[in-house]
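*Asks:* Give me a 3D structure for the following:
(chains A, B, C and D)
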Number of protein chains: 4
Amino acid sequence: MSDDAFQHVFSVPLHDTDAAGAMFFAHLFRHAHDAYEGFMRAIGFPLDRMVREGTQHLPLVRAEADYHRPLRHGDTAWVQLRPAKVGNSSFVLEYRFTDDCGEPYASARTIHVNIGPRGSNAVPLPEGMRSALTARLTDRQGESPAQQ
Amino acid sequence: MSDDAFQHVFSVPLHDTDAAGAMFFAHLFRHAHDAYEGFMRAIGFPLDRMVREGTQHLPLVRAEADYHRPLRHGDTAWVQLRPAKVGNSSFVLEYRFTDDCGEPYASARTIHVNIGPRGSNAVPLPEGMRSALTARLTDRQGESPAQQ
Amino acid sequence: MSDDAFQHVFSVPLHDTDAAGAMFFAHLFRHAHDAYEGFMRAIGFPLDRMVREGTQHLPLVRAEADYHRPLRHGDTAWVQLRPAKVGNSSFVLEYRFTDDCGEPYASARTIHVNIGPRGSNAVPLPEGMRSALTARLTDRQGESPAQQ
Amino acid sequence: MSDDAFQHVFSVPLHDTDAAGAMFFAHLFRHAHDAYEGFMRAIGFPLDRMVREGTQHLPLVRAEADYHRPLRHGDTAWVQLRPAKVGNSSFVLEYRFTDDCGEPYASARTIHVNIGPRGSNAVPLPEGMRSALTARLTDRQGESPAQQ
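*Replies:* Below is the predicted model of the structure:
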């Protein structure tokens, strides 16, 4: 990932750890989503407004994560977020979790689909959102043909 | 509390514990709320329907808990829930958390106020809910004068 | 999946939903892990004991989920859990989330690796755990050659 | 509270809200605890080190909160934390949650007791921690007689 990925940082709080001593795996997705919220705000599409106004619904249809080593209580984790693919009505986001030295903790991916007000069918992404996402693609190969 | 309190049971999952080895205190309130959801369903006022239809909003205005000893991963906890007070537009619920032998882990209290569709002012509890709650009072001293 | 999958059931509580009206995606993994805890107990390897005694550490190295339709507040969800693959030092679990009629909500997969007391290197699964998992494989093709 | 209270700030993420549209009440305690972690680090007693080394255990014996108005998705909340009382083996912390203009959302209190390595009996607070807490008391009336 290039230097211009969106960055989010957090410190592992006690309540994210479990009795086995490390961060409970599912919480990684919560932090990924916090990064996603920050990213969407940064590109002009704050989730809170979209949820409140019901203009766009971008539910996840897939989430996945690979865990390389445990995150411990008090660890600082940096999240680098970049779109990996932008389609007509969906997009893929990639997250890299690293420590202060850039050593990886974990990576994750989420796939979001835009659904209409009825909340059932995929509808095209708003053009502004589509170009904002495309402009931040890791590389231009993530663009769908329709975008070119 | 008498034997006819509403009962809810759960087993402490790994994700409720923290690196210090016991249940993180805030999760007790999540389990109290699970008991509250079960109780409201049992007395004919399922929260999911009320939230979905927006008919009643019963937000908490106060929550408190006393922790007597740690809940550990795998522990079975019984929650006994009883209304302690039913007012005109609000009610108080009490929760006792005990182990299989009835030995206490913790206790909690929540205070709920009914607010109107605008979501700002306290409005009287629906009569049906008020009587359902009153019928389950720990003792009759919890009734507000207006109820008599 | 056949009828003899391990079953876990839950009702979607208010605190699992978000302002967009459905279950926040990351919570699916919490419920998957609850099913996993129940499963491990059922086959004789309760996690709480393993965590407490430090005998086995089975951290996740991968988690993934596909979301087919939203889980709403109050929905009952059934989780069917089956091992999909059992290796020398790792295993793959599959989870199907369905409603009362068997219609799918979501599916998930987790990959667990056994690590030694030092918590760094993969070590073989204890033989008893390995056979218990293998006996519950969806089909025998999930067995690693070493197992045959 | 005076200006020199410890400050913690957060933005309400989607996963803290529920289907009723506001922050689920129990999450307030999670944020209070995040503020507490930051505070303890600031006064030289980072929780992660204490938990890891097992030197001090400061479990909560009581937690309470009053909710004045809902926290919504995207709201910025400031937490002001101050010790309200410092005893021989316990202390009380107070938290005020306000918006950008200082208007209150909620307030909370937690009571912590120091327990020995066996994890059962109250033991005196380490002298360094006691004086660090006392120095930040809202007013000097929170000191226990033994402190004077």
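
*Asks:* residue ranges of the strands in chain A, please?
*Replies:* Taking DSSP state E, the strands of chain A run over residues A:6-11, A:60-67, A:76-86, A:90-98, A:104-113.

*Asks:* for the ones you listed, which one sits closest to C:Thr17?
*Replies:* Each of the strands of chain A has some distance to C:Thr17 by CB to CB; the shortest is strand A:60-67, at 14.5 Å. C-betas here are computed from N, CA, C, even on glycine.

*Asks:* now the angle from the closest one to strand C:104-113?
*Replies:* Here strand A:60-67 points in a direction 10 degrees away from that of strand C:104-113 (axes from the mean of the first three to the mean of the last three CA atoms, to 10 degrees).

*Asks:* Ranking helices and strands of chain A by mean pLDDT, which lands last?
*Replies:* Of all helical and strand segments in chain A, the minimum by mean pLDDT, DSSP states H and E falls on helix A:47-53, at a mean of 92.

*Asks:* mind checking how far that one is from the chain centre?
*Replies:* Chain-centre distance of helix A:47-53: 17 Å, with CA atoms, centre = their mean, to the nearest Å.

*Asks:* Can you spell out which helices and strands pack onto that helix?
*Replies:* helix A:27-42 (3 or more CB pairs under 8 Å, 6 or more residues apart in numbering or on different chains; DSSP states H and E).

*Asks:* got the CA coordinates for the helix it packs on in CSV?
*Replies:* Extracted in CSV, the C-alpha atoms of helix A:27-42 (Å, rounded to 0.1, in the frame of the first residue of the first chain):
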residue,chain,number,x,y,z
HIS,A,27,-13.1,-6.8,17.8
LEU,A,28,-10.7,-6.3,14.9
PHE,A,29,-13.7,-5.9,12.7
ARG,A,30,-15.1,-3.2,15.0
HIS,A,31,-11.8,-1.3,14.7
ALA,A,32,-11.9,-1.8,10.9
HIS,A,33,-15.3,-0.3,10.8
ASP,A,34,-14.2,2.7,12.9
ALA,A,35,-11.5,3.2,10.2
TYR,A,36,-14.1,2.9,7.5
GLU,A,37,-16.3,5.5,9.3
GLY,A,38,-13.3,7.9,9.4
PHE,A,39,-12.4,7.2,5.8
MET,A,40,-16.0,7.8,4.5
ARG,A,41,-16.1,11.1,6.5
ALA,A,42,-12.7,12.1,5.0
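
*Asks:* Please report the distance of A:Val86 from chain D.
*Replies:* With distances taken as CB to the nearest CB, to the nearest Å, A:Val86 is found 22 Å from chain D.

*Asks:* Could you measure from A:Arg136 over to A:Asp34?
*Replies:* Going from A:Arg136 to A:Asp34 by CB to CB, to the nearest Å gives 18 Å.

*Asks:* which of the residues in stretch A:101-121 are buried?
*Replies:* Using 16 or more other CB atoms under 10 Å in any protein chain shown as the burial criterion, the residues of stretch A:101-121 that qualify are A:105-115.

*Asks:* next one: stretch A:10-23
*Replies:* Residues of stretch A:10-23 classed as buried by neighbour count (16+ other CB under 10 Å): A:10, A:12-23.

*Asks:* Up against chain C, what does chain A have?
*Replies:* Residues of chain A lying near chain C by CB under 8 Å from any CB of the partner chain: A:19-20, A:22, A:24-27, A:29-30, A:33, A:51-52, A:57, A:59-67, A:70, A:119.

*Asks:* how far away is the most centrally placed residue in chain A from C:Leu60?
*Replies:* Against the mean C-alpha coordinate of chain A, by CA atoms, centre = their mean, the closest residue is A:Tyr36 at 4.1 Å. Taking CB to CB as the measure, A:Tyr36 falls 21 Å from C:Leu60.

*Asks:* Distance check, the residue located most distally from the centre of chain A against C:Ile43.
*Replies:* Centroid-distance maximum for chain A: A:Ala19 at 27.6 Å, with CA atoms, centre = their mean. Separation of A:Ala19 from C:Ile43 (CB to CB): 21 Å.
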